[in-house]
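A.B. asks: show me the folded form of this:
(2 chains)
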Number of protein chains: 2
Amino acid sequence: MKIALDAMGGDFAPREIVLGAVAACRELNADVILVGDETAVKKELNGIATSGLKLEVYHASEVIAMDDHPANAVRRKKDSSLVVANRLVKEGTAAGVISAGNTGAAMAASLFGLGRIAAVERPAIAVPMPTEKGVSVVLDAGANADCEPENLVQFALMGAVYAEKVLNLKSPRIGLLSIGEEETKGNRLTLEAHGLLKSSGLNFIGNIEGRDIHRGVCEVIVCDGFVGNIVLKMSEGLASVLFNQIKSAVKGNFITTLGGLLLQNAFKQIKSKFDDTEYGGTPLLGLNGISIIGHGNSNAKAVKNAIRVAMRAAEERVVEKIAVALQPNS
Amino acid sequence: MKIALDAMGGDFAPREIVLGAVAACRELNADVILVGDETAVKKELNGIATSGLKLEVYHASEVIAMDDHPANAVRRKKDSSLVVANRLVKEGTAAGVISAGNTGAAMAASLFGLGRIAAVERPAIAVPMPTEKGVSVVLDAGANADCEPENLVQFALMGAVYAEKVLNLKSPRIGLLSIGEEETKGNRLTLEAHGLLKSSGLNFIGNIEGRDIHRGVCEVIVCDGFVGNIVLKMSEGLASVLFNQIKSAVKGNFITTLGGLLLQNAFKQIKSKFDDTEYGGTPLLGLNGISIIGHGNSNAKAVKNAIRVAMRAAEERVVEKIAVALQPNS
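C.D. replies: You can find the predicted model right below:
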């Protein structure tokens, strides 16, 4: 089961992407196709012992830049590493594709390149969100700014399959992100979605509120892509602001500096818990193939974890399971 | 300038409310009417030296409970402390009303009791949000789950008056909360609101993203009440989860306990920065009178700060200034 990796996408590409691929081959026995400029990729591989690893390079002559217009770039740059990596999945050569490049382009390339599962109205970005109790999946995190109530039911279903099969969360509970626990609280979208979710047969626990997101009250958190994107970015932003405040406070004087040293490991552990490189990128669910979108600042560890996630999604046949779950009267 | 205070509303009413009123009279030279059950309120005042303070008790025989249905309770309990406190503002006896009780009922009592400023389509809850650089106002934080683009422009205008006059933020910048900085990013609501804000003559800096909320990139953050409520509650929730994680980490062993002791004051300072009792409750903007809604868990300090905010809003004639700013062709 091969994973096609866009070697040219990301703030630290190709270096960190290549190093992540090598680590995945070594540590996870992964089978990776590095897609990108052959010369650039081989230069990074130079001096690294790769014999015995299932690692190949597939040449692609073009690169989609971070500031390229997503849809236009995907349409025009047919031989870009991103488009070619998606084609390898479409053709059946690879089971999944990963890119840490231009997020809009990565989405567009997979939407155009892999296509939707027939019953899926809107594919969704599913983001693993660290919580007090572990991890939950929030979806949609930005693919669909405006949604219909029916879309949210499909998100719930796809998120549940992903949470159970890939994140290993047994019998995942589904919560609808709203502004009050009562089912009469919400906006037009969530009020209607609440009714649909209630009668869906899914493991739906009802509305959850903003304060519940990081408390781990459920494993799947459903919302429209506008709300989900704000939640995701605000979560990163606030955590970073709080850690910065602690950092400055520690630098205050001799006493606080000493306190900071004594708590250094504890801080590291907490930070790593709220560090998205741990969860290996965000899958785009609802497509005819596995597509994982990495953070632009992905380092080798994030890339390795994204490969782990893609491998697991492929092994667990997540695409097929979503298709079956979405069949009418299934 | 009298402030009518609902003495019976809040998790710690009437005790903390009464203590907050006394503190405001002593420290801020406030002029407070404690509205509520005379016996209960006087019992709390027993033993407290109040001579010379501008503090009176106004009897109201009923109480609206935390779990009462907001609109029904306000309609039926005409002699409740909350409804009477609002009536004192309507009649001109008091300049503003404060309640830390049932939030829905507090909103309903002020909407019904004070009425909207003529040009205001939708009153909004304006929440002071701590940032890296100080404080910003987020509105609407929950009064209107579904909004029209025009509502967001009015929120921007009301928020700017409030930020400048009450929070003392000079020439406040206005940001539209969305899912990308480019004006082409957003949902139907924000895409249209962006255009209106751009041509509004307001100090509009464009879209901001979730990660910008706590960075202090602007002083007024505009969004619909669904998004704003999630942002507000998630902010509280995540900060509390992170502080809990630090607390458990500190308890780990002797070394970390010592580190925690050395950083105790620093942690307290950061926590107090992210502590909403500092900002004295959230105003309901757009009404014919000043109405401040306190957190249910308000202690005396939060009540005192809410009185300070109400006094300042009254002194600065925020209601009149919003009315003037909202006049067509103003």
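
A.B. asks: CA atoms for contacts and neighbours, from now on please.
C.D. replies: Noted.

A.B. asks: so which elements touch the helix or strand containing A:Phe112?
C.D. replies: Taking DSSP states H and E as the definition, A:Phe112 sits inside helix A:103-114. Contacts defined by 3 or more CA pairs under 8 Å, 6 or more residues apart in numbering or on different chains; DSSP states H and E place helix A:103-114 against helix A:70-76, helix A:81-90, strand A:290-293.

A.B. asks: any idea of the angle it forms with helix A:81-90?
C.D. replies: 30 degrees (axes from the mean of the first three to the mean of the last three CA atoms, to 10 degrees).

A.B. asks: the next helix-or-strand element following helix A:103-114: how far from the chain's middle?
C.D. replies: Scanning forward in sequence from helix A:103-114 by DSSP H and E, the next helix or strand is strand A:124-131. From the chain centre to the centre of strand A:124-131 is a distance of 7 Å (CA atoms, centre = their mean, to the nearest Å).

A.B. asks: in its sheet, what does strand A:124-131 sit against?
C.D. replies: Using DSSP bridges, the strands paired with strand A:124-131 are strand A:134-139 (antiparallel), strand A:282-285 (antiparallel).

A.B. asks: nearest to B:Ser136, out of those?
C.D. replies: strand A:134-139 (26.6 Å; CA to CA).

A.B. asks: now the closest one: buried residues?
C.D. replies: For strand A:134-139, the neighbour count (16 or more other CA atoms under 10 Å in any protein chain shown) marks A:135-139 as buried.

A.B. asks: dump the residue contacts of the closest residue to A:Asp212 other than its chain neighbours.
C.D. replies: Closest residue to A:Asp212 apart from its sequence neighbours, by CA to CA, 6 or more residues apart in numbering or on different chains: B:Gly237 at 6.7 Å. Residues in contact with B:Gly237 (CA atoms under 8 Å, 6 or more residues apart in numbering or on different chains) are A:210-215.

A.B. asks: what do you get for A:Val127?
C.D. replies: The contact partners of A:Val127, by CA under 8 Å, 6+ apart, come to A:137-141, A:232, A:281-283.

A.B. asks: so where do the strands sit in the stretch 101-250 of chain A?
C.D. replies: For the stretch 101-250 of chain A, the strands defined by DSSP state E, counting those that start in this stretch cover A:124-131, A:134-139, A:174-177, A:204-208, A:220-222.

A.B. asks: hang on, the earlier thing: lowest-confidence one in the contacts of A:Val127?
C.D. replies: On pLDDT alone, A:Gly281 ranks lowest of the contacts of A:Val127, at 84.

A.B. asks: find the closest residue to chain B in the stretch 1-150 of chain A.
C.D. replies: Chain B sits closest to A:Ala145 of the stretch 1-150 of chain A, with a gap of 4.9 Å, by CA to the nearest CA.

A.B. asks: just checking, that residue touches B:Gly186?
C.D. replies: Yes: counting by CA atoms under 8 Å, A:Ala145 touches B:Gly186, with 6.4 Å between them.

A.B. asks: nearest the middle, which residue of chain A would you pick?
C.D. replies: A:Thr282 (0.3 Å; CA atoms, centre = their mean).

A.B. asks: now do the contacts for that one.
C.D. replies: Listed by CA under 8 Å, 6+ apart, the contact partners of A:Thr282 are A:125-128, A:292-294.

A.B. asks: so which of the helices and strands packed on helix A:103-114 is the most surrounded?
C.D. replies: Most buried of those, by mean neighbour count (mean count of other CA atoms under 10 Å in any protein chain shown): strand A:290-293, with a mean of 28.

A.B. asks: next one: the residue of chain A positioned farthest from its centre from B:Ser199, what distance?
C.D. replies: For chain A, the residue at maximal distance from the C-alpha centroid (CA atoms, centre = their mean) is A:Phe254, at 41.5 Å. Distance of A:Phe254 to B:Ser199, computed by CA to CA, to the nearest Å: 52 Å.

A.B. asks: again, but for A:Leu232
C.D. replies: Distance, A:Leu232 to B:Ser199, by CA to CA: 30 Å.

A.B. asks: these two: which has the busier surroundings?
C.D. replies: Each of A:Leu232 and B:Ser199 has its neighbours counted (other CA atoms under 10 Å in any protein chain shown); A:Leu232 has more, 19 against 9.

A.B. asks: for the residue nearest to the more buried one when sequence neighbours are not counted, give me its contacts.
C.D. replies: Using CA to CA, 6+ apart and skipping residues adjacent in sequence, the residue nearest A:Leu232 is A:Ala141, 6.9 Å away. A:Ala141 makes contact with A:124-127, A:223-232, according to CA under 8 Å, 6+ apart.

A.B. asks: looking at those residues, which is nearest chain B?
C.D. replies: A:Ile230 (4.5 Å).

A.B. asks: which residues sit against the least confident helix or strand in chain A by mean pLDDT?
C.D. replies: Lowest by mean pLDDT, DSSP states H and E among the helices and strands of chain A is helix A:264-273, with a mean of 80. Residues from elsewhere that reach helix A:264-273 (CA under 8 Å, 6+ apart): A:130, A:278, B:245-246, B:249-250, B:256.

A.B. asks: so for it, what gets flagged as buried?
C.D. replies: Neighbour-count burial for helix A:264-273 [16+ other CA under 10 Å]: A:266-267, A:273.

A.B. asks: and if you look at stretch A:50-63?
C.D. replies: A:53-55, A:57-60, A:62-63.

A.B. asks: what's the longest helix in chain A?
C.D. replies: Identified as the longest helix of chain A according to DSSP state H is helix A:225-250.

A.B. asks: returning to that earlier point: Serialize the helices and strands packed on helix A:103-114 to CSV and add fields for mean pLDDT.
C.D. replies: Listed next are the helices and strands packed on helix A:103-114 as CSV, based on pLDDT from 0 to 100:
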stretch, mean pLDDT
helix A:70-76, 94
helix A:81-90, 98
strand A:290-293, 96
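
A.B. asks: switch these over to TSV; also include distance to chain B.
C.D. replies: Listed next are the helices and strands packed on helix A:103-114 as TSV, based on distance: least, CA to the nearest CA, whole Å:
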stretch	distance to chain B
helix A:70-76	13
helix A:81-90	22
strand A:290-293	17
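
A.B. asks: measure stretch A:2-18 end to end?
C.D. replies: By CA to CA, the extent of stretch A:2-18 from end to end equals 15 Å.

A.B. asks: how far does it sit from the chain's center?
C.D. replies: Averaging C-alpha positions (CA atoms, centre = their mean) puts stretch A:2-18 15 Å from its chain's average.

A.B. asks: separation between A:Val83 and B:Lys133?
C.D. replies: From A:Val83 to B:Lys133 the distance is 42 Å (CA to CA).

A.B. asks: and for A:Gly10?
C.D. replies: Separation of A:Gly10 from B:Lys133 (CA to CA) stands at 31 Å.

A.B. asks: ok, these two, which is more surrounded?
C.D. replies: A:Gly10 (24 against 12).

A.B. asks: would you put the C-alpha positions of stretch A:118-130 in PDB?
C.D. replies: Extracted in PDB, the C-alpha atoms of stretch A:118-130 (Å, rounded to 0.1, in the frame of the first residue of the first chain):
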ATOM      1  CA  ALA A 118     -21.300   9.200  -4.900                       C
ATOM      2  CA  ALA A 119     -23.600   9.800  -1.900                       C
ATOM      3  CA  VAL A 120     -21.500  12.600  -0.400                       C
ATOM      4  CA  GLU A 121     -22.900  16.000  -1.000                       C
ATOM      5  CA  ARG A 122     -20.000  18.000   0.500                       C
ATOM      6  CA  PRO A 123     -16.600  16.600   1.400                       C
ATOM      7  CA  ALA A 124     -15.300  18.000   4.700                       C
ATOM      8  CA  ILE A 125     -12.000  18.800   6.400                       C
ATOM      9  CA  ALA A 126     -11.800  16.700   9.700                       C
ATOM     10  CA  VAL A 127      -9.400  18.200  12.200                       C
ATOM     11  CA  PRO A 128      -8.100  16.300  15.200                       C
ATOM     12  CA  MET A 129      -8.500  18.600  18.200                       C
ATOM     13  CA  PRO A 130      -6.600  18.000  21.400                       C
END
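
A.B. asks: in that stretch, what counts as buried?
C.D. replies: A:120, A:122-130.
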